[in-house]
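A.B. asks: predicted structure and sequence below. I'll ask about it afterward.
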Amino acid sequence: MKAKLLDWIEVTTVSLGVSGAIMIMVGGGSCLLGLSGKVINNLSQALEAQQLIIKNMMFYGAVSTSTGLFLVGSGVGIAKFVGENLLYEEMNRLDERLQQKIDHSENQCFQCIYHSPNGYLPCAVNPEQPENCPDFERTI
């Protein structure tokens, strides 16, 4: 389940990043063309009829660039947030496993010759594993 979630998050963040990069390139190009057209228009009145097109190119280029920056930022934010949370969960699991090993090593049964690693029947002599077991015999 967690592997599928990580795969989904990876696909989502990569998709957002790629989409954002494409939008930045398209928007930047469009904006650059619009600015170039504006300069040319100021130099020549021959493009007087193209004023509306040039303004639209500049506007949509700016919108496209902004959208691209937003998508890239969203992808990075999601990746950072999810990565930190997954790292935090993994650290907690490792801490719990370490604590279980410490608790297990302090258990008298763990040091007994009758102890078995079988989780269903750790001791055939005293399955309830009392704290002060009368049958305890330390392993050598």
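C.D. replies: Cool, the structure landed.
A.B. asks: show me where the protein has its helices.
C.D. replies: For the chain, the helices defined by DSSP state H occupy 2-43, 51-106.
A.B. asks: now the ones you listed in CSV, with mean neighbour count and distance to Y114?
C.D. replies: C-betas here are computed from N, CA, C, even on glycine. CSV is the format used below for the helices of the chain (neighbours: other CB atoms under 10 Å; distance: least, CB to CB, whole Å):
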stretch, mean neighbour count, distance to Y114
helix 2-43, 14, 38
helix 51-106, 13, 16
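A.B. asks: next, format those helices as CSV and append distance to H115.
C.D. replies: As requested, the helices of the chain are exported to CSV (distance: least, CB to CB, whole Å):
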stretch, distance to H115
helix 2-43, 33
helix 51-106, 10
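A.B. asks: quick one: closest of those helices to A124.
C.D. replies: helix 51-106 (18.4 Å; CB to CB).
A.B. asks: next, the angle from the closest one to helix 2-43.
C.D. replies: 160 degrees (axes from the mean of the first three to the mean of the last three CA atoms, to 10 degrees).
A.B. asks: for V125, what are its contacts?
C.D. replies: Y114, D135 (CB atoms under 8 Å, 6 or more residues apart in numbering).
A.B. asks: picking up where we left off before, turn the helices of the chain into a markdown table, including distance to P127 and mean pLDDT.
C.D. replies: Formatted as a markdown table, the helices of the chain follow (distance: least, CB to CB, whole Å; pLDDT from 0 to 100):
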| stretch | distance to P127 | mean pLDDT |
| --- | --- | --- |
| helix 2-43 | 34 | 83 |
| helix 51-106 | 17 | 80 |
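A.B. asks: closest to N118 out of the ones you listed?
C.D. replies: Closest among the helices of the chain, using CB to CB: helix 51-106, at 13.9 Å.
A.B. asks: same for the closest one, what does it pack against?
C.D. replies: Packing contacts for helix 51-106, counted by 3 or more CB pairs under 8 Å, 6 or more residues apart in numbering; DSSP states H and E, involve helix 2-43.
A.B. asks: gap between the helix it packs on and the chain center?
C.D. replies: 21 Å (CA atoms, centre = their mean, to the nearest Å).
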